[in-house]
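K.L.:
model the structure of this input:
(one chain, ligands or ions: 1)
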Amino acid sequence: MELCGVPLRGPILNGSGTFDAIAARRAFGDALLERFPFDAFVSKTITLAPRQGNPPPRLWETPAGMINSIGLPNKGLEGFLAQDLPQLAELPVPLVVSVMGFSRDELATLVEAVGQRPEVAMIELNVSCPNVETGLVMGADPAETARAVERVRPLSDRPLIVKLTPNATEPEAVAAAAQAAGADAVSLINTLKGLAFDPDDGGHWLGGKTGGVSGPAVRAIALQQVHAVAARVAIPVIGMGGISSGSDALDFLRAGAAAVAVGTESFRDPGAGHRIASELAQLEAREAPNRAAAPAPAMDITQTGDSPPTFFRR
Ligand SMILES: Cc1cc2nc3c(=O)[nH]c(=O)nc-3n(C[C@H](O)[C@H](O)[C@H](O)COP(=O)(O)O)c2cc1C
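P.N.:
All right, here's what the predicted structure looks like:
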């Protein structure tokens, strides 16, 4: 298959910031390269200046998910280009570099610099941050997103993926604005805003106070947003949010995604990308006969108007 003209051996990417390929290489050595779990690798988001990230604690477990307030620690553009990029270039799959700017000028500097490097196959714009000039979260507003994409589009010939935030009134309007401004693909969802209190003292648990919710808890929301966005735009959609099995991945493809990404599940199972790919392949091979299966008998014991075989399936 291909994504924005880049050949991929399959449809499974990682969600930015959820798999540290450099640390994994240190832990697993060249075995990681022989059995790399993803078909393209998306870097953790980098910013122009180095960042320490938020103070700990940075994670809180929720039912079927977690809240993170990592705060984008990274070496900054120069550190990334000098230290991380050469190591990421050794991965056996195309490299997507995720960038975030706190102004359009910053974003432009990042895209121009990253987009000149031959090791970089695609660039993902993480627009889930406030623009320091307007105070608006770039990706929450169609016009802000369009202005950001228009600004960076002429600066690189690499495909540009706009990573949409679910914390927007109408993500499909943001996706349409990104497409009109020259984006080659959109990816979604990023995390949803969340909050947790310390059970002992009632204060904020997370060092960054609020954080982003991810994992199976957000999957139904992600699926709806992917479905709505895919119906609105003609460019490829990369779907993510709580994918932990081949069946979940298949749901996102059915919703209109061209590819999917695995995030939080890699924390539980670092080989999740591989497992999900093989589960997906098995399901796709079986899909056609299953579609013709007889409908479940109508029998409402739930007072929901739905029949138990449907309600309790999976
Ligand atoms: C610990 C953690 C760090 C993340 N860091 C980033 C990041 O740097 N850039 C980004 O665009 N998304 C980041 N994300 C969001 C994920 O890429 C993904 O969009 C989101 O978690 C939903 O997918 P999931 O439910 O499969 O994890 C992060 C998510 C987690 C859990």
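
K.L.:
from residue 273, how far out is residue 20?
P.N.:
Separation of residue 20 from residue 273 (Cβ to Cβ, to the nearest Å): 14 Å. (Glycine included, C-beta is placed from N, CA and C.)

K.L.:
who's more crowded, these two?
P.N.:
residue 273 (25 against 15; other Cβ atoms under 10 Å).

K.L.:
okay but that one is in contact with residue 37, surely?
P.N.:
Yes - in this structure, residue 273 is within contact of residue 37 by Cβ atoms under 8 Å, at 3.1 Å.

K.L.:
what sits in contact with each of these two?
P.N.:
12, 14, 19, 262, 266 (Cβ atoms under 8 Å, 6 or more residues apart in numbering).

K.L.:
what sits against the nearest residue to the third one once chain neighbours are set aside?
P.N.:
In space, residue 19 comes closest to residue 266 once its chain neighbours are excluded; the distance is 4.9 Å by Cβ to Cβ, 6 or more residues apart in numbering. Residues in contact with residue 266 (Cβ under 8 Å, 6+ apart) are 14, 18-19, 37, 272-273.

K.L.:
residue 169: what secondary structure?
P.N.:
What DSSP: H, G, I helix; E, B strand; the rest coil gives for residue 169 is coil.

K.L.:
burial count for the nearest residue to it once chain neighbours are set aside?
P.N.:
Closest residue to residue 169 apart from its sequence neighbours, by Cβ to Cβ, 6+ apart: residue 140 at 7.6 Å. Residue 140 has 20 neighbours, counted by other Cβ under 10 Å.

K.L.:
my read: residue 140 touches residue 164, true?
P.N.:
No - using Cβ under 8 Å, residue 140 is not in contact with residue 164, being 9.4 Å away.

K.L.:
tell me, what's touching these two both at once?
P.N.:
residue 174.

K.L.:
hmm, residue 18 and residue 272 touching each other?
P.N.:
No - counting by Cβ under 8 Å, residue 272 sits too far from residue 18 to count as a contact (9.8 Å).

K.L.:
so the two - more neighbours on which side?
P.N.:
The neighbour comparison of residue 272 against residue 18 (other Cβ under 10 Å) goes to residue 272, with 24 against 19.

K.L.:
my guess is residue 76 contacts residue 82, does it?
P.N.:
No - if you go by Cβ under 8 Å, residue 76 and residue 82 don't touch, sitting 10.1 Å apart.

K.L.:
neighbour count: those two, which is higher?
P.N.:
residue 76 (14 against 10).

K.L.:
what about stretch 76-93, distance to the chain center?
P.N.:
20 Å (Cα atoms, centre = their mean, to the nearest Å).

K.L.:
list the buried residues of that stretch.
P.N.:
77, 80-81, 84-85, 88, 91, 93 (16 or more other Cβ atoms under 10 Å).

K.L.:
for these, which one is nearest residue 33?
P.N.:
residue 91 (6.9 Å; Cβ to Cβ).

K.L.:
tell me which parts of this protein are close to the ligand?
P.N.:
15-18, 44-45, 68, 70, 72, 98, 126, 163, 189-191, 214-215, 218, 240-243, 262-265 (Cβ under 6 Å from any ligand atom).

K.L.:
which ones among the residues you listed are found in strands?
P.N.:
68, 98, 126, 163, 214, 240, 262 (DSSP state E).

K.L.:
burial count for the third one?
P.N.:
In terms of burial, residue 126 registers 27 neighbours under the definition other Cβ under 10 Å.

K.L.:
and the closest residue to residue 71 other than its chain neighbours, what's its pLDDT?
P.N.:
Spatial nearest neighbour of residue 71, excluding adjacent residues (Cβ to Cβ, 6+ apart): residue 54 at 3.3 Å. The model reports residue 54 with a pLDDT of 93.

K.L.:
so how far is residue 254 from residue 54?
P.N.:
For residue 54, the distance to residue 254 - Cβ to Cβ - is 36 Å.

K.L.:
ok, now residue 181?
P.N.:
28 Å.

K.L.:
for the stretch 151-300 of the chain, which residue gets nearest to the ligand?
P.N.:
Among all residues of the stretch 151-300 of the chain, residue 263 sits closest to the ligand, at 2.4 Å; criterion: Cβ to the nearest ligand atom.
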